[in-house]
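Q: take this sequence and fold it.
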Amino acid sequence: MPEKSDVVDLEQRHLLIEQKRRLWAELREEVFANAGEELHTQYEIPQDPGEMSILDLLADSGLAIADLRRAQLTALEEAMRRLEMGTYGVCEGCGQRISLERLKVVPFTAFCVACQKDREGPGRPPGVKIYDG
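A: Predicted coordinates for the structure are as follows:
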């Protein structure tokens with residue numbers, strides 16, 4: 001019979017894989033949708049600066065969403081590596097276990113709630129990555 005930690009690891013692996021599949025599907029859909037929009041806009045030249053601004057805003061929004069998806073995919077890959085190394089669920093800030101409740105909500109997190117709040121709060125060191133889902 002598998003130990004409880006083995007079952008939890010399998011459940012977390014399944015969550016990570018499912019989230020990765022979902023994010024890849026969303027990213028693929030967004031890329032193809034944006035490619036189609038770009039082809040469409042090649043034939044509809046904006047008539048004034050206002051229309052051009054709207055097109056620029058829509059393009060920037062699409063790129064921002066794609067960047068967010070890529071960041072999430074990178075975080076998922078890192079979480080899967082931690083799972084393989086046996087450090088998944090251990091906070092990289094304080095070394096304590098991350099609660100299962102938090103891992104279920106943000107399965108790719110590397111920080112407990114307290115450490116994540118510290119990273120996002122005022123006075124954090126410059127250049128500290130605060131993305132955590």
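Q: Ala110 contacts Ala79, correct?
A: Yes: contact status for Ala110 versus Ala79: in contact at 7.3 Å, counting by Cβ atoms under 8 Å. The C-beta positions use only the backbone N, C-alpha and C, and glycine is treated the same way.
Q: so which of the two has more stuff around it?
A: Counted by other Cβ atoms under 10 Å, Ala110 and Ala79 do not tie: Ala79 has more neighbours, with 24 against 21.
Q: which residue is the nearest non-sequential neighbour of the more buried one?
A: Phe108 (3.9 Å; Cβ to Cβ, 6 or more residues apart in numbering).
Q: what is the neighbour count of Arg21?
A: 11.
Q: which helix or strand contains it?
A: Using DSSP states H and E, the element containing Arg21 is helix 4-42.
Q: what mean pLDDT does that helix have?
A: Helix 4-42 carries an average pLDDT of 69.
Q: and stretch 89-100, by the same measure?
A: 94.
Q: now tell me what touches that stretch from outside.
A: 8, 12, 82, 103, 109-116, 118-119 (Cβ atoms under 8 Å, 6 or more residues apart in numbering).
Q: can you pick out the most distant pair from those residues?
A: The largest separation in these, counting by Cβ to Cβ, is between Val8 and Asp118 at 25.9 Å.
Q: now the residue nearest to Ala79, what's its secondary structure?
A: coil (DSSP: H, G, I helix; E, B strand; the rest coil).
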